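# can't give you the sequence, but here's the structure:
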């Protein structure tokens, strides 16, 4: 009974406290999530600020690179290239009267 599940917009977090190194700020929870077909690693740190309107965890997400570990260099992330704008030299309108 082999069933395929759509994992888009789904993920999971696991307790990471047993892996924390003394004196380091390792995340207390970690896991993976798939958003629009792209896999990300998630890390969460217990928020030390107490009080109303404070999040329980501070989160970080990084795009996974399945070929070389799970970190994608910033220059290889899904970033759209800037659209070239009009050439200002070619936009001169010589029909404007000066007088």
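Sure, I can see it. Everything numeric in this text was worked out from a predicted model, so none of it was measured.
# From now on I want contacts and neighbour counts done on CA atoms only, so please keep to that.
Fine.
# Kindly provide the distance from the closest residue to residue 55 other than its chain neighbours to residue 9.
The shortest distance from residue 55 to any non-neighbouring residue, by CA to CA, 6 or more residues apart in numbering, is to residue 47 (6.6 Å). Computed as CA to CA, to the nearest Å, the residue 47 to residue 9 distance reads 25 Å.
# again with residue 41
Distance of residue 41 to residue 9, computed by CA to CA: 13 Å.
# and what of residue 36?
Computed as CA to CA, the residue 36 to residue 9 distance reads 7 Å.
# residues near the residue nearest to residue 55, how many?
By the criterion of other CA atoms under 10 Å, residue 47 has 12 neighbours.
# Equivalent analysis for residue 21, please.
Taking other CA under 10 Å as the definition, residue 21 ends up with a neighbour count of 10.
# How about residue 67?
Residues lying near residue 67 (other CA under 10 Å) number 8.
# what's near enough to touch residue 16?
Neighbouring residues of residue 16 by CA atoms under 8 Å, 6 or more residues apart in numbering: 27-30.
# if you set the cut-off to 6 Å instead, what comes out?
The neighbours of residue 16, taking CA atoms under 6 Å, 6 or more residues apart in numbering as the test, are 28-29.
# just residue 44 next, same as before
Residues in contact with residue 44, defined by CA under 6 Å, 6+ apart, are 27-29, 57-59.
# ok, 7 Å please
Taking CA atoms under 7 Å, 6 or more residues apart in numbering as the criterion, residue 44 is in contact with 27-30, 57-60.
# three-state assignment of it?
strand (DSSP: H, G, I helix; E, B strand; the rest coil).
# on that earlier part again, check the contacts of residue 44 for burial and list the buried ones.
By neighbour count, with 16 or more other CA atoms under 10 Å, the contacts of residue 44 hold 27-30, 57 as buried.
# so which of these comes closest to residue 15?
For the buried ones among the contacts of residue 44, the residue nearest residue 15 by CA to CA is residue 29; the value is 4.7 Å.
# hang on, the closest one packs against residue 19?
No - counting by CA atoms under 7 Å, residue 29 sits too far from residue 19 to count as a contact (9.8 Å).
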